[in-house]
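*Asks:* the sequence and its predicted three-dimensional model are supplied below.
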Amino acid sequence: MALTESNMFPLGTTAPSFNLPDVVSGRTVSLQELRSNIATVLMFICNHCPYVKHVQNQLVLLANDYLPKGVSFIAINANDAEKYPDDSPEKMKEIAQQLGYPFPYLFDETQEVAKAYQAACTPDFYIFDKEMKCVYRGQLDDSRPGNDLPVTGETIRLALDSLLQNAPVTVKQKPSIGCNIKWRD
């Protein structure tokens with residue numbers, strides 16, 4: 001595991017479009033059909049990373065709190081499943097069902113989507129406004145495995161609350177830290 005920070009995708013950038021398979025439903029879905037006209041949270045996660053495991057329950061709570069407010073959540077795994085079988089689509093589906101993910105969990109087998117978003121680590125978070133312009137990228141909150149801070153999702157919550165109030169996102173944007181994305185050779 002190489003500890004890696006977010007690349008900090010440029011604010012104001014339009015979300016790159018994609019069509020990816022949802023491991024739970026078995027359907028291929030597009031960003032266009034999953035996006036919200038309020039705010040869209042895109043998360044690069046995986047199954048095996050201890051940094052993702054540390055926040056998985058909060059991701060479910062966060063989505064369950066904000067989905068009723070019209071915010072869309074999308075999770076994408078871009079890891080090389082051949083070298084990391086715990087991140088295979090079959091295992092992704094198991095984790096999504098076990099944890100009750102209320103959002104689609106998509107598999108980016110070619111890793112083209114991760115590259116388009118300049119994703120570097122898991123977890124890595126992006127928030128897009130109603131025009132699909134990036135208004136936030138970085139961490140979920142200040143909690144990390146072993147630092148004894150509670151996992152609250154506070155940073156993402158503050159950003160989403162600003163969008164819901166039609167206010168600019170002013171929360172300090174810090175890079176996420178986690179395992180590097182497992183790129184294919």
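*Replies:* Sure, I can see it.

*Asks:* show me where the chain has its strands.
*Replies:* 3-5, 19-21, 28-30, 39-44, 71-77, 105-107, 121-122, 124-129, 134-138, 177-180 (DSSP state E).

*Asks:* count of neighbours near the closest residue to Met43 other than its chain neighbours?
*Replies:* Once flanking residues are discounted, Met43 sits nearest to Ala75: 4.8 Å by CB to CB, 6 or more residues apart in numbering. Quick note: C-beta positions are derived from backbone N, CA and C, even for glycine. Counted by other CB atoms under 10 Å, the residues lying close to Ala75 total 23.

*Asks:* doesn't Tyr105 make contact with Ala75?
*Replies:* Yes: assessed by CB atoms under 8 Å, Ala75 is found in contact with Tyr105 at 4.7 Å.

*Asks:* about what we covered before: what separates the residue nearest to Met43 from Tyr126, distance-wise?
*Replies:* To Tyr126, Ala75 is 12 Å away according to CB to CB, to the nearest Å.

*Asks:* need the overlap of contacts for these two.
*Replies:* Taking CB atoms under 8 Å, 6 or more residues apart in numbering as the contact rule, Ala75 and Tyr126 both touch Met43.

*Asks:* tell me where the model's unsure across this protein.
*Replies:* By pLDDT under 70, the low-scoring segments of the chain are 1-2.

*Asks:* how about the helices in this protein?
*Replies:* Ranges of helices in the chain, per DSSP state H, are 31-34, 50-66, 89-99, 112-116, 154-164.

*Asks:* ok, residues contacting the third one?
*Replies:* With CB under 8 Å, 6+ apart as the contact definition, helix 89-99 has outside contacts at 21, 23-24, 47, 56-57, 60, 77, 81, 85, 101, 105, 107.

*Asks:* the fourth one too?
*Replies:* By CB under 8 Å, 6+ apart, the surrounding residues in contact with helix 112-116 are Pro16, Phe18, Leu20, Phe44, Ile76, Ala78, Asp108, Ile181.
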